[in-house]
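Student: Just a sequence and a predicted model for now, questions to come.
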Amino acid sequence: MQVSKSLGIIFLLLAMGCTPNTPIVKKAHLLSPTKSLLQAISIVDENTAWVSGHRATFLRTVNGGSDWSAFSYEPIDSLQFRDLHAFNSEEIILMSAGPGNLSRIFRFSLQAGFEETYVMPYEQGFLNTIEFWDDERGLAFGDSFNGELFVLKTADGGRSWTRIDPNQLPPAGEGEGGFAASGTCITSRPGGKAWIGTGAGGNTRVLFTSDYGDSWETYEVPLVKGSSAGITSIRMSDDQIGLIVGGDLAITDQYTDNIALTNNGGQTWQLTTSPVTKGAFYGSDLMSWENASILIASGPNGIDYSTDLGQTYINLDTGNYWAVDLHLSGFGLATGTDGKILKLTVQ
């Protein structure tokens, strides 16, 4: 088994073109204008990023995190903006999570303000995450109910949303849904490809579409299963190489099978070695960097990263960080409880 695992990691390293040039991730604590839990990040470029979280709060920087502007949705200041997508420095989509009509989607621009474009019409509904292929087409994923998966799609930049016919989707497992932890349980690639990571109720699998949500396949994964376990975050660095992280949210002081990689578009997955940090991870990212690779995962007990696709891990921080994101420029962010924001720099 160990030989097979080692060969799998070597294959992934070769596929990503990794060399002995080892990147380093450095951190700097940034001054935040809020104490709200910050759960989602959307980076536009090396200078501009948006983050969002509880108390209807979201923030923007246009100078790489040196300064932040704070915004909120005053009509319902209890909303939890657990995901967002930035189109540019002035326009974003915000998603609030919660039972029933607390799950909402807004367009926001600096010029026009808020436009509410979706309110969950089902008491059993609960939105987890949103993701866009481009400025027009996107998906939103929510918890299942009545034995049916729940996926929304938009073709007009989030101005309107329609539910994908559950008959086009695989049947839902009992209690299957997602984790509205870091806004990354969907990942997309050009040409209509998207991967959704599920969990809860003893379910843990990947849903895949190659045609903008018209048809779907399912892939099994080796992550831990349980009532509060599964995939919290899924990322693809290209059409073939990808990462899932998660764990059992009820197990905070032990290692579980919670990080795996794919080299065939999600069809099969290989567990990595155990990270430094115990407990579940909530957010992650995976990217190529100057012929090397960086895998990074964040959670309530800290942030770990790996430059050899999970053969070894380095602990970056022991704070409570729910989301992490890296940009190809080498600029990154991690956000978490009490408004914490870390600036990450890849060198």
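Tutor: Okay, I see it.

Student: okay, which residue is most central for this protein?
Tutor: Residue closest to the average C-alpha location in the chain (C-alpha atoms, centre = their mean): residue 184, at 1.4 Å.

Student: does that one sit in a helix, a strand or a coil?
Tutor: Here residue 184 is recorded as coil under DSSP: H, G, I helix; E, B strand; the rest coil.

Student: Nearest residue to it in space, please, no chain neighbours.
Tutor: Spatially, and ignoring its direct neighbours in sequence, residue 184 is nearest to residue 233 (4.2 Å; C-beta to C-beta, 6 or more residues apart in numbering). Bear in mind the C-beta positions are built from the backbone N, C-alpha and C, glycine included.

Student: ok, what's across the strand from that neighbour?
Tutor: Here residue 233 sits in beta bridges with residue 245, going by DSSP bridges.

Student: check contacts around it.
Tutor: Residue 233 makes contacts with 181-182, 184-185, 197, 243-246, 281-284, 297, as judged by C-beta atoms under 8 Å, 6 or more residues apart in numbering.

Student: Same question for residue 57.
Tutor: Taking C-beta under 8 Å, 6+ apart, we find residue 57 in contact with 34, 36, 38, 70, 71, 72, 81.

Student: Quick check, the first one in contact with residue 59.
Tutor: Yes. With contact defined as C-beta atoms under 8 Å, residue 34 counts as touching residue 59 (6.8 Å).

Student: okay, and the common contacts of these two?
Tutor: residue 70.

Student: If you count surrounding residues, which of these two has more?
Tutor: residue 59 (24 against 20; other C-beta atoms under 10 Å).

Student: Quick check: closest non-adjacent residue to the more buried one.
Tutor: Closest to residue 59 by C-beta to C-beta, 6+ apart is residue 68, at 4.7 Å.

Student: From residue 164, how far off is the closest residue to residue 162 other than its chain neighbours?
Tutor: Residue nearest to residue 162 in three dimensions, not counting chain neighbours: residue 153, with 6.2 Å by C-beta to C-beta, 6+ apart. For residue 153, the distance to residue 164 equals 6 Å [C-beta to C-beta, to the nearest Å].

Student: what touches both of these two?
Tutor: Taking C-beta under 8 Å, 6+ apart as the contact rule, residue 153 and residue 164 both touch residue 213.

Student: quick one, strands of the stretch 51-200 of the chain?
Tutor: For the stretch 51-200 of the chain, the strands defined by DSSP state E, counting those that start in this stretch occupy 57-61, 69-72, 81-86, 91-96, 104-109, 113-119, 127-132, 138-145, 148-154, 162-163, 186-189, 193-197.

Student: quick one: which of those strands is nearest residue 333?
Tutor: Closest to residue 333 of the strands of the stretch 51-200 of the chain, according to C-beta to C-beta: strand 57-61, at 8.8 Å.

Student: Relative to that closest one, what are the paired strands and their orientations?
Tutor: Strand 57-61 has these partner strands in its sheet, going by DSSP bridges: strand 49-53 (antiparallel), strand 69-72 (antiparallel).

Student: Off-centre distance for stretch 194-205?
Tutor: Distance of stretch 194-205 from the chain centroid (C-alpha atoms, centre = their mean, to the nearest Å) equals 13 Å.

Student: That one: end-to-end distance?
Tutor: Counting by C-alpha to C-alpha, to the nearest Å, you get 14 Å between the two ends of stretch 194-205.

Student: Least confident secondary structure element in this protein?
Tutor: Here the helix or strand of the chain ranked lowest by mean pLDDT, DSSP states H and E is helix 2-15, holding a mean of 48.

Student: tell me which strands and helices the very next helix or strand once past that one is in contact with?
Tutor: Per DSSP states H and E, helix 2-15 leads on to strand 25-29 as the next helix or strand towards the C-terminus. Where contact means 3 or more C-beta pairs under 8 Å, 6 or more residues apart in numbering; DSSP states H and E, strand 25-29 is packed against strand 314-317, strand 341-346.

Student: Centre of the chain to strand 25-29, how far?
Tutor: Relative to its parent chain, strand 25-29 has a centroid offset of 20 Å by C-alpha atoms, centre = their mean.

Student: contacts for that strand?
Tutor: 294, 296, 305, 314, 316-317, 332, 334, 340-347.

Student: For the residues you listed, which ChimeraX command selects only the ones that are buried?
Tutor: Selection of buried members from those for ChimeraX, criterion 16 or more other C-beta atoms under 10 Å:
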select :294,296,305,316,317,332,334,340,341,342,343,344,346
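
Student: Taking the contacts of strand 25-29 together, which two end up most distant?
Tutor: Farthest-apart pair in those is 340 and 347; separation 22.2 Å (C-beta to C-beta).
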